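J.: Provided below are the primary sequence and the corresponding predicted coordinates.
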Amino acid sequence: MKLADDPEVAEFRARFSAFLDTHLPAEAEARERSRSSAHVPGWARRWQRTLFDAGWLLPGRPPEYGGRDATLPQQLAHLEELARRRIYHSFNPQGLGIIAASLLTFGTEEQKRRWAVPILRAEITAALGMSEPDAGSDLASLRTRAVPVEDGFVVNGQKIWTSGAHDADVLLTFVRTDPDAPKHQGISALLIPTDAEGVVRRPFGSIAAEGDLDFNEVFFTDVRVPRENLLGPQGEGWRVANGSLGHERTLLWLSYAERLEDLAQDAADVGAGQEWYATLLMDLQALRLLGYRQLGPDRDPAEISVLKLLGSEAVQNASLHALEAHGAEALPHPARTGPYHHMNNEDFISSWFERYARSFAGTIAGGTSEIQRNIIAERLLGLPR
């Protein structure tokens with residue numbers, strides 16, 4: 001249980017806080033806003049490079065990858081300080097948190113230099129090509145084919161829900177390289193530049209907001225991908241995929257705690273004295289205490305599913321109650337329901353309807369609530385499949 005920082009973590013937090021006080025971009029500099037999860041405005045690119053060069057982008061990584069070999073409690077303090085100031089970690093969250101992390105785990109030294117470092121330094125942006133029309137939560141059912149040829153692969157197929165693909169420079173794409181292997185085998189991971197011949201990206205809107213264009217359909221028609229763009233061994237893409245989602249989930253609970261904290265502040269005017277608001281506060285406290293357990297030496301990776309399930313569904317439930325409590329005032333677009341900060345993502349302070357609509361992403365992305373319940377049942381409770 002984490003009641004307070006130990007002296008080493010407190011000193012680490014103070015140094016990072018002082019760095020932010022000195023180096024944060026001014027509001028006038030940050031007028032351009034992000035259009036998608038792979039569109040990083042120029043000021044945000046410069047800020048991410050500043051963090052990288054100072055070792056404050058990913059403190060748990062070594063200095064050559066934007067870090068300072070920080071401990072897990074120090075990494076938590078880093079993210080808590082960003083959340084306290086409502087600073088969005090990166091406007092290319094999948095690029096930073098999943099794709100670059102996967103490259104650092106599974107990539108060759110050349111792939112790390114060619115792809116991971118430029119993504120971390122916001123010189124290029126990346127998107128994740130996993131889901132397909134008939135392979136969403138069941139990723140192993142994917143049908144996008146990559147036929148091995150002498151110098152690489154020829155890719156044909158389709159992805160969908162590919163966030164930010166139309167603004168990304170590269171896609172980490174999961175493909176089937178052996179159609180005769182069992183469905184969890186014969187999958188490989190390829191880095192496919194979005195300007196490669198035969199790649200077509202079609203952004204489409206969502207219910208969240210008028211003009212919201214983040215989701216994409218991506219089509220591959222005879223796309224030639226060189227063999228050096230294969231991430232990990234051929235046929236072991238399932239391991240890469242699990243590693244990719246593992247990177248996404250490790251401290252994901254903290255982002256849900258941040259959303260709950262914001263909801264507690266922004267909905268206090270209608271929530272005071274209400275049972276749902278008390279539940280929100282209890283869920284926030286429970287999530288933090290369970291999350292702090294993961295800092296100890298005896299943590300069970302399967303418990304991350306408990307945090308993901310609790311956090312995502314608590315945010316969704318609280319968002320619905322806040323929407324209902326505000327009534328008709330919750331519906332107009334555009335609207336602002338929380339304090340503006342130029343370093344934050346405005347999606348988090350948009351209308352109450354939009355905040356509720358966007359909460360569904362949390363119960364789907366990174367493994368649906370149903371998948372998390374299966375993991376909890378099988379790996380924590382020991383129930384039969």
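T.: Received it, and whenever you're ready, just let me know what you need. Numbers count the residues shown, from 1 in each chain.
J.: for the protein, longest strand please?
T.: Counting residues, the longest strand found in the chain (DSSP state E) is strand 213-226.
J.: list the neighbouring strands of the very next helix or strand once past that strand plus their orientation.
T.: Later in the chain than strand 213-226, the nearest helix or strand by DSSP states H and E is strand 230-231. Using DSSP bridges, the strands paired with strand 230-231 in its sheet are strand 187-193 (antiparallel).
J.: pull the helix or strand with minimum mean pLDDT from the chain.
T.: Within the chain, no helix or strand scores below helix 237-249, which has a mean of 72 by mean pLDDT, DSSP states H and E.
J.: could you point out the helix or strand that follows that helix?
T.: helix 252-266.
J.: in that next one, which residues are buried?
T.: Under the neighbour-count criterion of 16 or more other Cβ atoms under 10 Å, helix 252-266 has 252-264, 266 buried. C-beta coordinates here come from the backbone N, C-alpha and C atoms, glycine included.
J.: picking that back up, convert the C-alpha atoms of the longest strand of the chain to PDB, please.
T.: Taking Å, rounded to 0.1, in the frame of the first residue of the first chain, the C-alpha atoms of strand 213-226 are listed here in PDB:
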ATOM      1  CA  LEU A 213     -11.800  11.600 -37.400                       C
ATOM      2  CA  ASP A 214      -9.500   9.200 -35.700                       C
ATOM      3  CA  PHE A 215     -10.700   5.700 -36.700                       C
ATOM      4  CA  ASN A 216      -9.600   4.400 -40.100                       C
ATOM      5  CA  GLU A 217     -10.100   1.600 -42.500                       C
ATOM      6  CA  VAL A 218      -6.800   0.500 -44.000                       C
ATOM      7  CA  PHE A 219      -6.500  -1.500 -47.100                       C
ATOM      8  CA  PHE A 220      -3.400  -3.400 -48.300                       C
ATOM      9  CA  THR A 221      -3.200  -4.400 -52.000                       C
ATOM     10  CA  ASP A 222       0.000  -6.200 -53.000                       C
ATOM     11  CA  VAL A 223       2.000  -4.100 -50.600                       C
ATOM     12  CA  ARG A 224       5.700  -5.100 -50.700                       C
ATOM     13  CA  VAL A 225       7.400  -5.000 -47.200                       C
ATOM     14  CA  PRO A 226      11.100  -5.700 -46.900                       C
END
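J.: packing partners for it?
T.: Using 3 or more Cβ pairs under 8 Å, 6 or more residues apart in numbering; DSSP states H and E as the contact test, the elements touching strand 213-226 are strand 152-160, strand 187-193, strand 199-205.
J.: now those as TSV including mean neighbour count and mean pLDDT?
T.: Formatted as TSV, the helices and strands packed on strand 213-226 follow (neighbours: other Cβ atoms under 10 Å; pLDDT from 0 to 100):
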stretch	mean neighbour count	mean pLDDT
strand 152-160	20	97
strand 187-193	24	97
strand 199-205	15	97
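J.: reduced to three states, what does S359 come out as?
T.: The three-state label given to S359 by DSSP: H, G, I helix; E, B strand; the rest coil is helix.
J.: SS state for the closest residue to it other than its chain neighbours?
T.: Nearest-residue entry for S359: Q316, 4.1 Å, with adjacent residues in sequence omitted and distances by Cβ to Cβ, 6 or more residues apart in numbering. Under three-state DSSP, the three-state class of Q316 is helix.
J.: so Q316 sits against I364, correct?
T.: No. Judged on Cβ atoms under 8 Å, Q316 makes no contact with I364 at a distance of 10.5 Å.
J.: out of these two, which sits in the busier spot?
T.: Between Q316 and I364, Q316 has the larger neighbour count (other Cβ atoms under 10 Å), namely 20 against 16.
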